[in-house]
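> What follows is a predicted structure for the sequence shown.
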Amino acid sequence: MILPALSLALILIAPNHSLANKQETARLMFEATKLILKGENEKALRYFKTFHLVTANLGDLYLRQKRYDEAMKFLKQSLVDMPTLARSHKLIGQIHQAQGN
């Protein structure tokens, strides 16, 4: 599954965070990813809302729940933070496809 690898990538590219913050971010991402893999998306959302580097993951979770407006909001925000994030572009395309656009 791509989520654990993406989670680690988000942690490693966060240059303005101290090592302690990166470790805490890694811990939170790990816990949230475990919940996602168990299908406990609502619980995972609580973890993702605790730090700002996960807007794409929030978008992905909302997309999985067919909550397209919320997903789009977070995915667009992730592109403000990182315009070249291919995953967000792909997920936005999936939203458009699901909505018949």
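Received the coordinates, thanks.
> So, low pLDDT: which residues of the protein?
The model of the chain has pLDDT under 70 over residues 1-22, 48-53.
> which helix of the protein spans the most residues?
Secondary structure of the chain per DSSP state H: the longest helix is helix 19-37.
> In terms of secondary structure, what does it contact?
helix 2-12, helix 41-48 (3 or more C-beta pairs under 8 Å, 6 or more residues apart in numbering; DSSP states H and E). Where you see a C-beta, it was placed from the backbone N, CA and C, and this is true even at glycine.
> Please report how far the residue nearest to the spatial centre of the chain lies from N101.
For the chain, N57 is the residue whose C-alpha lies nearest the centre (C-alpha atoms, centre = their mean; 1.0 Å). Going from N57 to N101 by C-beta to C-beta, to the nearest Å gives 23 Å.
> ok, V54 touching T33?
No - in this structure, V54 is not within contact of T33 by C-beta atoms under 8 Å, at 10.7 Å.
> quick one: which of those two has more around it?
Legend: neighbour count by other C-beta atoms under 10 Å for V54 and T33, higher for V54 (24 against 21).
> From N101, how far off is that one?
Counting by C-beta to C-beta - V54 and N101 are separated by 26 Å.
> The residue nearest to the centre of the chain: which element?
helix 55-64 (DSSP states H and E).
> Buried residues, the helix or strand that that helix is followed by. List them.
Later in the chain than helix 55-64, the nearest helix or strand by DSSP H and E is helix 68-81. Residues of helix 68-81 classed as buried by neighbour count (16 or more other C-beta atoms under 10 Å): Y68, A71, M72, F74, L75, S78, L79.
> Show me what the next helix or strand after helix 68-81 packs onto, helices and strands only.
Tracing the chain C-terminally past helix 68-81 and defining elements by DSSP H and E, one meets helix 86-98 next. On a contact count with 3+ C-beta pairs under 8 Å, 6+ apart, helix 86-98 meets helix 55-64, helix 68-81.
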